[in-house]
Structure formats: C-alpha cells, structure tokens
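Colleague: Show me the folded form of this:
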Amino acid sequence: QEIKISAHQVRYRRERWKTVDGEEILGELPEEVKGYHFGPSLRQFVLYQYFHNHVTQPLLLNQLRELGISISTGQLSNLLVQNKDTWKVEKEHLLKEGLKHCQYIQVDDTGARHQGRNIFCTQIGNNQFTYFKTTDTKSKHNFLSILQGSNQGYRFNGYAVDYLSTKAQFSNFDLMRVKISQTLGDLVDYNDANELLNYIRCENYLKASTKHLMEAAMIGYLKQEVMADNLIILSDEAKQFNIEQNAA
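Modeller: Numbering: from 1, shown residues only. Just a heads-up that it's a prediction; the model follows:
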C-alpha cells in the first residue's frame, strides 16, 4: 500500500459574455469552492486533522506549508471557525433525534476558565451519540434549555403538574389552581418565556415559586414534544439533572 499527499493547484477559467443590452454575464464557480481559496478536500483534511486527530493549529499550519500549501495563520483559523452553520444544524438535529429515540442518556458537566471567566461544558449522550454544549451556568433551567435546543417551548400538562407536586414551595391550593387552569385550557402552550412569566405575575405566585413554574413548563414541553417515553437520565446525582426518571 502507498499514499500520496501533495499540493494541487486548480485554475478555473470562467467565460464572460456580454448581452446585446450591454449586461455582462460571468460563468459561475462550482458551489463547493464559492467563497473559498481552498478546495473541499483540503478543507475536510484541515477539519479532520484539527478536530479528530487533535493536531494543534501551529503544527497543522507547519504541516500544510510543508506540503506546499500557501496559507496564513488567519486563513487557517477561518477554515476552522467560519461558515460552520451546517455543522451547527447537524449538531442540534443529533441531540433532538437522540432524545427522541434512545432509552437513556448519560449527562455530566464540568467547569473551566475561559477568557477570564468561569464557564461550564455539559455532555449528553450514550453509546449511540455524544453532544457537548458550553454555557455560563449549570442550573436546572440551563440544562432544560440545552435539552430543548433550538425548539424552545413551555407547556403545562400532567408532566408539569407532577414536577410541581414534588416542590415544597407549592401549597395544595397552588397546585389545584394549576390543575384547574390546565383543565380549562388556559395554560396549554407558550412559545415565549415572557408570555409564561406574564401569566405567573398575573396569578401573583410567590417569587420563590416562579423558578419552579418555569422549570415545570419546560419539562412539560420536553416530555410531550422532545423526549422518548420513559427516557432515563443517568447522572452523578447533581440536582440540576434531576427532572424525573433519574438514575445515578
């Protein structure tokens, strides 16, 4: 077996036409090279080396130059961080499908310093997929937001009421009002957090209970629209991960 890696220069000759009314028409470049000075195979090689093989950026820069590629530090950085919307969409879709079709997920988070401030990286996955998300906090609200991904929603249903029943801050009267509202259809679905907060303020709930009402509405949406039935969350017993069906 043998392998050959070398630089390959490609020149595109684009036809230019002039119409009878004086308009100029220029031939289109292939879609895979539009907006780039580097071809798709080279860009794939850069991403594979950096993210999969953990080759540092300075070493990767030296490697490319040794292969005959004319590239600057800034150009290499742009290849690694810019125009990655497709990957972001795929990442969010991966989490959604994992939550919908898996029987369990294992979750954990860890803290680190980044640009002079504390941040937290949350890991969600199992033997079928792995998802990472970096945020500024590791609260339960933050964890629920990560699980919801780009499809944010708030819903009061049986799941939400079950979660509220575990909180000592709610009296039986409070829970009864929630159940009555649910039955009458006043609290079916909210797509915006401000709408839910306005309801909470109008109903004069205690400020200490607002947090739990938000969490309950998010859990209600997750259980009904996002998660698989009886999805088990395996964690280290951290409180932010305890949203029912929790194992440690």
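Colleague: All the helices of this protein, in order from the start?
Modeller: 40-47, 57-66, 73-81, 85-101, 140-148, 158-164, 172-184, 193-202, 207-221 (DSSP state H).
Colleague: Check the chain for its longest strand and report it.
Modeller: strand 104-114 (DSSP state E).
Colleague: still on that earlier bit, worst mean pLDDT among the helices of the chain?
Modeller: Lowest mean pLDDT within these: helix 172-184, a mean of 58.
Colleague: returning to that earlier point: report the angle between the axes of the longest strand of the chain and helix 85-101?
Modeller: If you take axes from the mean of the first three to the mean of the last three Cα atoms, to 10 degrees, strand 104-114 sits at 140 degrees to helix 85-101.
Colleague: Which strands border strand 104-114, and is each parallel or antiparallel?
Modeller: Strand 104-114 sits in its sheet next to strand 117-125 (antiparallel), strand 232-234 (parallel), going by DSSP bridges.
Colleague: E66: which of the ones you listed is closest?
Modeller: With distances scored as Cβ to Cβ, the stretch of the strands paired with strand 104-114 nearest to E66 is strand 117-125 (33.4 Å). Any C-beta I mention is one placed from the backbone N, CA and C, and that applies to glycine too.
Colleague: what residues does the closest one touch?
Modeller: With contacts defined as Cβ atoms under 8 Å, 6 or more residues apart in numbering, strand 117-125 is touched by 95, 98, 105-113, 130-138, 142-143, 146-147.
Colleague: R117 bridge partners, please.
Modeller: Bridge pairing for R117 - DSSP bridges - gives H114.
Colleague: Please type out the ChimeraX selection for whichever of the contacts of strand 117-125 turn out to be buried.
Modeller: Typed into ChimeraX, the next command selects the buried ones out of those (criterion: 16 or more other Cβ atoms under 10 Å):
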select :95,98,105,106,107,109,131,133,138,142,143,146,147
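Colleague: hang on, the earlier thing: got a markdown table for the strands paired with strand 104-114, with mean neighbour count, distance to T86 and mean pLDDT too?
Modeller: Shown next, in a markdown table, are the strands paired with strand 104-114 (neighbours: other Cβ atoms under 10 Å; distance: least, Cβ to Cβ, whole Å; pLDDT from 0 to 100):
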| stretch | mean neighbour count | distance to T86 | mean pLDDT |
| --- | --- | --- | --- |
| strand 117-125 | 16 | 21 | 90 |
| strand 232-234 | 17 | 29 | 89 |
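Colleague: could those strands go into JSON lines alongside distance to L76?
Modeller: JSON lines is the format used below for the strands paired with strand 104-114 (distance: least, Cβ to Cβ, whole Å):
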{"stretch": "strand 117-125", "distance to L76": "24"}
{"stretch": "strand 232-234", "distance to L76": "39"}
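Colleague: Can you tell me how far the spatially most central residue of the chain is from Q152?
Modeller: By Cα atoms, centre = their mean, the chain has its centre lying nearest to E92, at 4.6 Å. The spacing between E92 and Q152, counted by Cβ to Cβ, to the nearest Å, is 12 Å.
Colleague: Grab the nearest non-local neighbour of I5.
Modeller: L67 (6.1 Å; Cβ to Cβ, 6 or more residues apart in numbering).
Colleague: I'd like the helices of the chain laid out as JSON lines, including distance to K4.
Modeller: Output for those, formatted as JSON lines (distance: least, Cβ to Cβ, whole Å):
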{"stretch": "helix 40-47", "distance to K4": "13"}
{"stretch": "helix 57-66", "distance to K4": "15"}
{"stretch": "helix 73-81", "distance to K4": "22"}
{"stretch": "helix 85-101", "distance to K4": "29"}
{"stretch": "helix 140-148", "distance to K4": "44"}
{"stretch": "helix 158-164", "distance to K4": "58"}
{"stretch": "helix 172-184", "distance to K4": "67"}
{"stretch": "helix 193-202", "distance to K4": "56"}
{"stretch": "helix 207-221", "distance to K4": "54"}
